[in-house]
Every structure is written in C-alpha cells, then in structure tokens.
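Trainee: With the sequence up front, the predicted model follows.
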Amino acid sequence: MARFFFVVIFIVSTFFSFAHETDSLFVPPKPAKPLRYCSSAKQWVDYASHDSNLVEITYMRGLRMDLRYATFNNVTGHDMYCGIQRAFIHKDGLPKLKRALSIIAKELPGYSLVIFDAARPMYAQSVLKQSVAGTPYSHFVSSGKTGGLHNYGLALDLGIADSTGNLLDMGADFDSFERCAGFVGEADALKSGRLTQQQIDNRNLLRNIMKRAGWVMLSSEWWHFNAFTRAYTKEHYPLFPI
Ligand SMILES: [Zn+2]
C-alpha cells in the first residue's frame, strides 16, 4: 500500500513540476551554426508544385505571407525554407481559407491574415522536433516521423493584422512554448497579469473567424488551426513523402 501511495505522489509531483515549468518562456538555444536548408527547400517546392492535391497560396485579397521558417527568425534558428516565401495548402483546405478571407472582407475590411506556415515538408518537421528534443516542451511539436497536420497540407499557422498592417498583439510569439500561448493557459495568465484581456480578445477574434470558416483550433497554440480532426486526416489523407 505504501508503495502505491509513493507511486501516486511521484506521478502527481511530476505532473505539477511539468505544468509549472511550461508556464515559463522557453527559448531554445540558438544553433552555433545557423543553417539554410536550400537543397531540401528546393526539392520540397518542386514536389509541392507537382502534387495535384496541393495548391499554392498565391495572392488573395486580405492575405499576406510571412513564412517564419523561410527566415532565421524562428524557434529553430535555421532558415529551413531557404528564404523561399512560397506556401502550399491541400486543395480540401483551400475553401476554408477562402471562407475565412471572405468573413474578413465583409466584417473587418482592411484586416488581413498573415501566414506563418502552411503545408510543411517532413525534413522541416524533423528540424523543429530536434530543436525541442529532450526538453519539457517536446510535446508541443509533432514527430518528424509520424508528422502533424501541417505534413498533410491541412494545417495553417497564422496571425491577423489590422488595417495599418500591424499584427494584433497575442501576448506570445508564434511558436513560443508557454502554457499561456494557448487557450488552456489563458485564464491563469490573465489572473497573473501575464496576458491582458485585450490580447485574449485578439486571439478570440482570430479563433472566431477561423471557426466559422470551418477550422479546428488547437488548445495549446493560438496561431495553429487544423482543417479537419487529426483522426479524420490520418484516415483519409496521405502524409507527405518528403
Ligand atoms: Zn502549426
């Protein structure tokens, strides 16, 4: 019996120390040698342009590209897309993106969606996973082998900019591994003063548009939206081969 209680106490204390740790801002150490994944990025763009299920997200009213993985300004510290600001989406996700843009055009003229990432090749998923490997934040990033919905072309990372072009303040940067980065941590973060009500309202504005357009939000990241559930996607769509 004593052993049973010991195990329970161990599990509970591990859970709380884990939860506490992820409240803090985690910034992975900058790589000693930042890399540009140019040959992989070119292979990917070549693949994506020829996959008949993928559509390039080209100019659309109310849409702007800021692919953070095509710069060094991202959580990995590497330029994974070699500066190539070209994004792709599965053709079954495109109508939902168009729906979100038409809601903005009607209700928030002048505002725009800002794409941080869309369809993502497997090599980029692996680099992302390596940047958090061995930390308590590893669970935020899907495996480079089994992938997440970005690796099916059916997830978007995005923010929203106002009519002056400035991104709305969400209180936590894209890919910041804090509990308050998602819905799950917002009530506590508001209480502690880590987030303001305005920042939460800004997140809710984006969520409301995306939800009405048919997207499924992720409770741990304000910027991430799935076109379908993970289970449905895995059953009906193939993972990218590269
Ligand atoms: Zn995402």
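Mentor: Happy to help now that I have it. Given the structure is predicted, the values throughout are model-derived calculations rather than measurements.

Trainee: Do you know the pLDDT at P28?
Mentor: Looking at P28, its pLDDT reads 76.

Trainee: ok, now how distant is it from A124?
Mentor: 15 Å (C-beta to C-beta, to the nearest Å). In this view, the C-beta of every residue, glycine as well, is placed from N, C-alpha and C.

Trainee: cool, and T164?
Mentor: Distance of T164 to A124, computed by C-beta to C-beta: 31 Å.

Trainee: Run a quick neighbour tally on A118.
Mentor: A118: 25 surrounding residues under other C-beta atoms under 10 Å.

Trainee: likewise C82?
Mentor: Each residue near C82 was counted by other C-beta under 10 Å, and the total is 17.

Trainee: My read is that it contacts W44, right?
Mentor: No - taking C-beta atoms under 8 Å as the definition, C82 is not a contact partner of W44, at 9.4 Å.

Trainee: Okay, helices next: where are they in the protein?
Mentor: All helices of the chain, identified by DSSP state H, fall at 2-21, 38-50, 94-107, 122-132, 186-192, 197-212, 230-236.

Trainee: For the protein, which residues are neighbours of the ion?
Mentor: Within the chain, the positions near the ion by C-beta under 5 Å from the ion are 157, 224.

Trainee: still on that earlier bit, comparing T164 and A124, which residue is more hemmed in?
Mentor: More neighbours surround A124 than the other of T164 and A124, with 22 against 7 (other C-beta under 10 Å).

Trainee: Quick check: that one vs W223, distance?
Mentor: 16 Å.

Trainee: swap in L54?
Mentor: L54 sits 21 Å away from W223 when distances are taken as C-beta to C-beta.

Trainee: Of the two, give the one with the bigger neighbour count.
Mentor: Neighbours per residue (other C-beta under 10 Å) separate L54 from W223, with W223 holding more: 25 against 20.

Trainee: was I right about that one contacting I115?
Mentor: No - using C-beta under 8 Å as the test, W223 is too far from I115 to be in contact (10.0 Å).

Trainee: who touches both of these two?
Mentor: Residues touching both W223 and I115 by C-beta atoms under 8 Å, 6 or more residues apart in numbering: 157-158.

Trainee: quick one: low-confidence parts of the chain?
Mentor: 1-25 (pLDDT under 70).

Trainee: One more pass at 90, please.
Mentor: In the predicted model, the chain carries pLDDT under 90 at residues 1-30, 59, 131-146, 177-178.

Trainee: Nearest residue to the residue in it positioned nearest to the ion in space, please, no chain neighbours.
Mentor: For the chain, the residue closest to the ion is H224, as judged by C-beta to the ion, at 3.6 Å. Closest residue in space to H224, ignoring its immediate chain neighbours: L218 at 4.4 Å, by C-beta to C-beta, 6 or more residues apart in numbering.

Trainee: So in terms of bridging, what pairs with that neighbour?
Mentor: E221 (DSSP bridges).

Trainee: could you measure it against C82, distance?
Mentor: 27 Å.

Trainee: same thing with V141?
Mentor: Taking C-beta to C-beta, one finds V141 at 21 Å from C82.

Trainee: again, but for F140
Mentor: Distance, F140 to C82, by C-beta to C-beta: 24 Å.

Trainee: Same check on K30?
Mentor: On the measure of C-beta to C-beta, K30 and C82 end up 19 Å apart.

Trainee: swap in G159?
Mentor: Counting by C-beta to C-beta - G159 and C82 are separated by 23 Å.

Trainee: And K211, by the same measure?
Mentor: With distances taken as C-beta to C-beta, K211 is found 34 Å from C82.

Trainee: next one: H90
Mentor: In terms of C-beta to C-beta, H90 sits 23 Å off from C82.

Trainee: do F177 as well
Mentor: For F177, the distance to C82 equals 25 Å [C-beta to C-beta].
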